[in-house]
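>>> pasting the structure only:
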């Protein structure tokens, strides 16, 4: 049986862990709040690019992307490099295993996701690190774009599809989105402006720049959505850990009181048994 001092040491250790968990909860909460508005802004900007593309396709029909069903696909999957985020990576692996084909090359973002894929014996072509904060997205994005474009320049690769987790109505969902080539039929149904756009550049150049910007902002959104979702999972895990710690501390407090009472009783019996108290 543990002594009251042993229990006190264990409680101090749990209080230290509780402080760490509280700090992680706070950091995850701040990251979620910061990414909320940013994600909305990115989505709005991405929609503006699609509207601009719709204008170019509508008023300059000779400028477009040829539809092609052949060619290999780059499947870029966003996971995490840090742990303590519950089933975040495991659910990504489940989706990837269903959508990946022998005609795809899998580009993995996140060390933890890479390890989860290896455990399931799912092969991948290349990988990159994920980010731990919003400030790290810019540098990571440059590396990812460079690696993906090196693959995409090969003649056999024509399609780029992103797989990432996003939060919708307090639920985590996984999106599988084709980025390149853009779905021209889907873009065409967007409402173009009533007045043809006045341009001083050739429409083909504008269309090419829109595609480049669409690639960049789509990958940026993938990073941002994934970071937000990772911290959403981590916050839930930390809340569960916090509740478990509270239960353990409550149990240890009760045990400490009981143990201390037993120790005091034993001390009293020892004193009485030693003959220190005499009656006249």
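Perfect, I can see it now. Predicted model, so just to flag it, every value in this text is computed and none were measured. Numbers count the residues shown, from 1 in each chain.

>>> any low-confidence regions in the stretch 51-200 of the chain?
Scanning the stretch 51-200 of the chain for pLDDT under 70 picks out 64-70, 155, 184-185, 188-193.

>>> let's go with 90 and repeat that
Counting by pLDDT under 90, the ranges of the stretch 51-200 of the chain that qualify are 51-73, 81-87, 101-104, 125-129, 132, 145-160, 168-171, 179-200.

>>> the strands in it, which residues?
Along the stretch 51-200 of the chain, counting by DSSP state E, counting those that start in this stretch, strands occupy 72-78, 104-109, 126-128, 157-168, 171-180.

>>> list the buried ones in the longest one?
Of the residues in strand 157-168, those scored as buried under the neighbour-count criterion (16 or more other Cβ atoms under 10 Å) are 157, 158, 159, 160, 161, 162, 163, 164, 165, 166, 167. In this view, the C-beta of every residue, glycine as well, is placed from N, C-alpha and C.

>>> picking up where we left off before, could the strands of the stretch 51-200 of the chain go into TSV alongside distance to residue 218?
As requested, these are exported to TSV (distance: least, Cβ to Cβ, whole Å):
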stretch	distance to residue 218
strand 72-78	10
strand 104-109	13
strand 126-128	15
strand 157-168	6
strand 171-180	5
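
>>> closest to residue 40 out of the ones you listed?
Across the strands of the stretch 51-200 of the chain, residue 40 has its closest neighbour in strand 157-168 (11.9 Å, Cβ to Cβ).

>>> could you give the angle of that closest one to strand 104-109?
50 degrees (axes from the mean of the first three to the mean of the last three Cα atoms, to 10 degrees).

>>> next, the angle from strand 157-168 to strand 171-180.
Orientation check (the same axes, to 10 degrees): strand 157-168 against strand 171-180 gives 160 degrees.

>>> just checking, what packs against strand 157-168?
Judged by 3 or more Cβ pairs under 8 Å, 6 or more residues apart in numbering; DSSP states H and E, strand 157-168 is in contact with strand 72-78, helix 88-99, helix 137-152, strand 171-180, helix 203-273.

>>> what's the most buried one of the ones you listed?
Stretch with highest mean neighbour count among the helices and strands packed on strand 157-168: strand 72-78 (a mean of 24; mean count of other Cβ atoms under 10 Å).

>>> that strand - contacts with which helices or strands?
Applying 3+ Cβ pairs under 8 Å, 6+ apart, one finds that strand 72-78 contacts helix 88-99, strand 104-109, helix 137-152, strand 157-168, helix 203-273.

>>> show residues contacting the first one.
Defining contact as Cβ atoms under 8 Å, 6 or more residues apart in numbering, one finds that helix 88-99 is touched by 75, 77-80, 106, 110, 112-113, 116-117, 120, 122, 163, 165, 172, 174, 176, 229-230, 233-234.

>>> how far off centre is stretch 115-128?
For stretch 115-128, the separation from the chain centroid amounts to 17 Å (computed by Cα atoms, centre = their mean, to the nearest Å).

>>> who touches that stretch?
By Cβ under 8 Å, 6+ apart, the residues outside stretch 115-128 that reach it are 79, 89-90, 92-93, 96-97, 100, 105-109, 111, 114, 140, 143-144, 147, 151.
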